[in-house]
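Peer 1: coordinates for the following, if possible.
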Amino acid sequence: MNLRKANPDVQPMKSSWVKAHSPFAPAALFVYLLITLWIAFFAWSAVMRHAMFRSSALDLGYMAQAAWNTLHGRVMEFSTYQNAQVDLPLDRFSRTDSLLGYHVELLLIPLALLLLIRSDPTSLLIFQAAAVGLGALPAFWLARRKTGSDFAGVAFACAYLLAPALNGAVLSDFHPVALTASLLLFAFYFLEVGKRSAFLVAIVLALAAKEEIAALVFMLGLYIFFWRRERRLGAVTAALGLAWFIVATRLIMPHFSGLSRSPFIERMAVFGPGLRGTLAAALAQPSLVTRWLWQPEIRTYLGGLLATGGFLSLFSPLVLLLSAPVLALNVFSQWPWTYSEGAHYSASLIPFIIVSAIYGAAFLAGRAERWGLLQRRTAVFLFSGAMLAVSLVHHWQLGMTPLGRNFHWPQLTAHQRLAADFIAMIPPDAALSAQANLYPHVALRRKAYLFPAVNDAEYIFLDVTSSTYPIDVQGLRNEVHGLLDLGGFGVLRAQDGYLLLRRGLPPGWEYLESDAFLSFARSPVPSAARPVSFRFGDALELVGYDFDVHNVVTAGQPPATVITYWRPLQKLRDGYEFAFYFTRDDGAVVGQYSGPVAVTAWYPSWAWRPDETLRVETPVLEVGRGRGVLVAAVMPWGDPGSPAGRVGPISGQVVKPMAILQDETLLKLFAFP
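Peer 2: Okay, the predicted model is just below:
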């Protein structure tokens with residue numbers, strides 16, 4: 001029996017009311033406009049994110065460097081991990097300088113040609129946005145073909161573009177695997193219209209994006225072979241997936257890393273030591289699996305993916321099941337990012353969500369007509385409209401456009417613009433070490449290291465005001481002092497928190513105490529900040545505050561920083577610190593930061609003058625949605641968790657939601673929206 005013919009509810013529409021679909025029909029032109037706007041917006045957003053130093057060595061930095069090296073004859077080589085402090089067993093690698101030892105992302109090789117157009121990592125970011133955005137075309141074509149409705153085609157194209165997982169993919173550095181969102185959708189469409197050669201081209205390109213895509217291609221091959229009964233094409237597709245998985249994971253990666261298997265697979269060790277221990281524990285106690293899947297974070301992730309297609313995917317479970325290998329990698333992981341809808345981890349799942357939702361809509365419309373409930377045309381309109389409404393709500397929850405509740409228009413600061421002057425001072429062929437967020441801006445060279453790894457670097461480029469990953473604020477200061485004291489480096493330039501060190505120069509300790517360098521710490525309350533006036537005993541006055549929530553797709557707490565402005569009421573004799581507490585709606589404290597901040601690390605409070613205002617900014621913390629913010633000034637050697645260790649009493653005009661708490665030593669300042 002032909003199984004395809006046994007399912008008329010998901011066959012292409014051929015009813016008389018379906019018009020010939022011209023590529024210049026109004027619905028098609030509207031989709032082209034949406035795609036153009038989407039690409040323009042997310043290309044701009046990705047470039048702005050990079051310009052604001054929110055891209056990172058992991059992963060835009062090393063991707064850009066590997067692409068640049070490939071153009072210069074050193075295929076897939078990079079130096080980011082040489083003696084780097086990252087959570088990988090680098091000491092077990094036979095070599096750490098080949099990207100092929102970590103992932104098999106051969107698609108990066110031809111994409112390196114983009115750097116010939118513009119030798120800058122933003123070339124990769126812009127291309128990524130364009131390539132992902134074009135995936136709305138096959139979504140439109142396939143939905144229109146399966147339902148016979150232009151409205152349905154537009155609705156599913158919109159659902160694809162609204163998907164938070166894709167917003168997250170294009171706003172999380174550059175990853176070839178993000179391109180599979182469109183490549184696999186094109187593959188499904190070409191499969192549907194019988195263009196086998198085009199289908200195989202799309203599949204081969206998807207395989208080249210990352211080794212894990214081979215498992216999805218294998219599943220797709222089984223689907224074609226058994227369900228569609230296209231034996232030859234199914235066998236070829238499954239064989240391609242299986243063969244490439246073996247070649248990539250058993251030959252290429254071990255050859256370049258010296259490891260028997262990928263170190264990333266150990267993230268799946270959620271029930272026991274190692275992957276084998278996890279599998280053994282899961283088989284012995286299946287309840288471990290059900291308890292894991294019932295966690296709120298996992299249920300939210302799975303619900304979010306289904307909401308992308310308005311939950312219509314549940315009515316085409318076979319196509320949805322094809323995504324199981326990558327879905328399992330994401331869900332059974334020790335790293336919450338993989339099941340947050342953020343970053344690039346879910347990009348390859350979206351084609352299966354969209355296609356199964358399209359098939360689900362066609363199935364339900366066919367059943368509604370067969371049972372005499374609705375005309376098919378009406379049913380398609382209702383189901384597609386409901387799907388789009390659900391997709392819009394989910395986008396409002398997590399999406400990163402002005403339609404999303406968490407979106408903030410990015411703005412460049414004078415401090416961020418200043419970095420270009422420092423970068424211009426570094427010779428393009430010089431070996432250097434840089435902080436993670438500065439690294440992508442200087443990565444297009446043969447030798448670039450992730451600070452605090454220095455190796456044979458001639459220059460070191462740092463920003464003490466920004467993320468200090470992989471060390472903390474105090475650790476950064478200690479590393480710099482060690483390099484100036486005994487490391488053979490001296491300060492070439494210091495301004496507004498930026499430091500450019502060069503090997504062989506005199507230390508230049510005076511630069512670290514200069515007004516030019518410490519200008520990041522001294523700042524009047526800007527007009528955009530919220531002015532307040534609260535005295536903390538006779539030591540300090542809080543005169544303003546602000547916050548900055550990053551545009552990051554996550555079902556958890558988005559990253560944010562809290563900025564406060566302080567004025568000494570007298571010459572302070574000791575080094576005060578600050579503590580920040582974060583609360584739920586019910587007032588329960590769910591987070592705290594009382595570690596060092598850039599100001600107190602580089603300009604201790606005993607050096608502050610009563611006539612200046614100090615800008616105190618926390619490191620990036622995952623607290624940016626719905627959390628109340630409490631602040632305290634902590635006395636030298638005081639315990640921030642105890643009122644006895646905090647400066648008080650606090651006095652000032654309290655306006656809701658502000659409140660003075662705990663023996664007048666803790667100030668509830670504001671709540672994130």
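Peer 1: CA atoms of the host helix or strand of residue 155 as CSV?
Peer 2: Assigned by DSSP states H and E, residue 155 belongs to helix 150-162. What follows is helix 150-162, C-alpha atoms only, in CSV (Å, rounded to 0.1, in the frame of the first residue of the first chain):
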residue,chain,number,x,y,z
ASP,A,150,-1.8,32.1,0.6
PHE,A,151,-2.8,33.2,4.2
ALA,A,152,-1.4,29.9,5.6
GLY,A,153,1.8,30.4,3.6
VAL,A,154,2.2,33.9,5.0
ALA,A,155,1.3,32.7,8.6
PHE,A,156,3.9,29.9,8.6
ALA,A,157,6.6,32.2,7.1
CYS,A,158,5.9,34.6,9.9
ALA,A,159,6.0,31.8,12.5
TYR,A,160,9.5,30.9,11.2
LEU,A,161,10.7,34.5,11.4
LEU,A,162,9.2,35.0,14.8
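Peer 1: which elements pack onto it?
Peer 2: Judged by 3 or more C-beta pairs under 8 Å, 6 or more residues apart in numbering; DSSP states H and E, helix 150-162 is in contact with helix 26-51, helix 136-147, helix 350-370, helix 376-398. In this view, the C-beta of every residue, glycine as well, is placed from N, C-alpha and C.
Peer 1: could I get the ones you listed as TSV with mean neighbour count and mean pLDDT?
Peer 2: Listed next are these as TSV, based on neighbours: other C-beta atoms under 10 Å; pLDDT from 0 to 100:
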stretch	mean neighbour count	mean pLDDT
helix 26-51	18	98
helix 136-147	26	97
helix 350-370	25	97
helix 376-398	20	97
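Peer 1: turn those into CSV, columns for distance to residue 570.
Peer 2: Listed next are the helices and strands packed on helix 150-162 as CSV, based on distance: least, C-beta to C-beta, whole Å:
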stretch, distance to residue 570
helix 26-51, 41
helix 136-147, 62
helix 350-370, 59
helix 376-398, 47
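Peer 1: out of those, which is closest to residue 419?
Peer 2: helix 26-51 (9.2 Å; C-beta to C-beta).
Peer 1: tell me the angle of that closest one relative to helix 150-162?
Peer 2: Using axes from the mean of the first three to the mean of the last three C-alpha atoms, to 10 degrees, one finds that helix 26-51 and helix 150-162 are set 0 degrees apart in direction.
Peer 1: now do helix 26-51: distance to the chain's middle.
Peer 2: Here the centre of helix 26-51 is set off from its chain's centre by 19 Å, with C-alpha atoms, centre = their mean, to the nearest Å.
Peer 1: C-alpha coordinates for the helix or strand just after it, CSV please?
Peer 2: Using DSSP H and E, the helix or strand that directly follows helix 26-51 along the chain is helix 62-71. Taking Å, rounded to 0.1, in the frame of the first residue of the first chain, the C-alpha atoms of helix 62-71 are listed here in CSV:
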residue,chain,number,x,y,z
TYR,A,62,37.7,31.6,17.0
MET,A,63,35.3,31.2,14.1
ALA,A,64,36.6,34.4,12.5
GLN,A,65,40.2,33.5,13.1
ALA,A,66,39.7,30.0,11.7
ALA,A,67,38.1,31.5,8.6
TRP,A,68,40.9,34.0,8.2
ASN,A,69,43.6,31.4,8.6
THR,A,70,41.8,29.2,6.1
LEU,A,71,42.0,32.0,3.6
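Peer 1: show residues contacting helix 62-71.
Peer 2: Outside helix 62-71, the residues that touch it by C-beta atoms under 8 Å, 6 or more residues apart in numbering are 75-81, 99, 108-109, 111-116, 119, 121, 124, 173-175, 440, 443-446, 448.
Peer 1: hang on, residue 148 packs against residue 384?
Peer 2: No: applying C-beta atoms under 8 Å as the test, residue 148 and residue 384 come out as separate, 11.3 Å apart.
Peer 1: follow-up on the earlier one: any idea of the angle the helix holding residue 155 forms with helix 350-370?
Peer 2: 150 degrees.
Peer 1: so which elements touch the very next helix or strand once past helix 150-162?
Peer 2: Moving toward the C-terminus from helix 150-162, the next helix or strand (DSSP H and E) is helix 164-170. Here helix 164-170 touches helix 26-51, helix 122-133, helix 296-308, helix 376-398, going by 3+ C-beta pairs under 8 Å, 6+ apart.
Peer 1: chain center to helix 164-170: distance?
Peer 2: Worked out by C-alpha atoms, centre = their mean, helix 164-170 lies 8 Å from the chain centre.
Peer 1: got the contact list for that helix?
Peer 2: By C-beta under 8 Å, 6+ apart, helix 164-170 touches 42, 45-46, 125, 128-129, 132, 135, 160, 175, 178, 181, 304-305, 308, 341-344, 346-347, 349-350, 394-395, 397-401, 404, 552-554.
Peer 1: now the terminal residues of stretch 409-417, how far apart.
Peer 2: With C-alpha to C-alpha, to the nearest Å as the measure, the ends of stretch 409-417 fall 17 Å from one another.
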